[in-house]
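Undergrad: Quick one: sequence plus predicted model below, questions after.
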Amino acid sequence: MKITAEALKRLDACADQVALFEQHFPEGCIVTEEAALKAAAAGLDVAGFMRRQKRPLWEAYERQTRPLWEAYAQQARPLWKAYARQERLLREAPEAYAQQAQPLWEAHERQERPFREAYERQRALCACRVLLAAEEETP
């Protein structure tokens, strides 16, 4: 299966996603695990693409990614709780908030990013597998 910018446009993909796709895949791409990982690393909305597929493909994708989301949420939850607690304390000291809110958010992002990136890579691989399986089933 080949994905092109024109195919994305026919699926009513957002203009910014089409532009990002064209930037990273100017000739389009064949669905492979390598392409899926490249799409995830580029920040392409793989879930948005899958939502635009036929219902059985979307449902298969959802079934495969649900456990991934649960694992990501379990890993990230303590980080979000710690961030919320610290941010709440900062709000109680408005003079400190202006100086410390941004560094607090940046520290949280650094800690959470590896979990989010791993989750996005796994979601992209799931999308690839679902699309390839559907292609094999098509006569």
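TA: Perfect, I can see it now.
Undergrad: beta partners of residue 2?
TA: residue 30 (DSSP bridges).
Undergrad: Now do the contacts for it.
TA: Contact partners of residue 2, counting by CB atoms under 8 Å, 6 or more residues apart in numbering, are 28, 29, 30, 31. Yep, even glycine has a C-beta here, placed from its N, CA and C like the rest.
Undergrad: Just give me the closest of those residues to residue 96.
TA: Comparing these against residue 96 with CB to CB places residue 29 closest, at 48.0 Å.
Undergrad: Test my guess that that closest one contacts residue 42.
TA: No. With contact defined as CB atoms under 8 Å, residue 29 and residue 42 do not form a contacting pair (10.9 Å).
Undergrad: Tell me which stretches of the protein form helices.
TA: Ranges of helices in the chain, per DSSP state H, are 5-10, 15-24, 33-42, 46-51, 55-91, 94-137.
Undergrad: still on that earlier bit, with neighbour numbers in mind, choose between residue 29 and residue 42.
TA: residue 29 (18 against 12; other CB atoms under 10 Å).
Undergrad: Next one: that one from residue 45, what distance?
TA: Separation of residue 29 from residue 45 (CB to CB, to the nearest Å): 15 Å.
Undergrad: now stretch 21-33: how far from the chain's centre is it?
TA: In terms of CA atoms, centre = their mean, to the nearest Å, the centre of stretch 21-33 is set 16 Å apart from its chain centre.
Undergrad: How many neighbouring residues does residue 39 have?
TA: Neighbours of residue 39 using other CB under 10 Å come to 25.
Undergrad: Relative to residue 70, how far out is it?
TA: From residue 39 to residue 70 the distance is 23 Å (CB to CB).
Undergrad: Residue 59 too?
TA: For residue 59, the distance to residue 70 (CB to CB) stands at 17 Å.
Undergrad: More neighbours: these two, which one.
TA: In this view residue 59 and residue 70 are compared by other CB under 10 Å, and residue 59 has more residues nearby, 13 against 10.
Undergrad: Check the gap between that one and residue 75 for me.
TA: Look at residue 59 and residue 75: by CB to CB, they are 25 Å apart.
Undergrad: what do you get for residue 5?
TA: According to CB to CB, residue 5 and residue 75 sit 34 Å apart.
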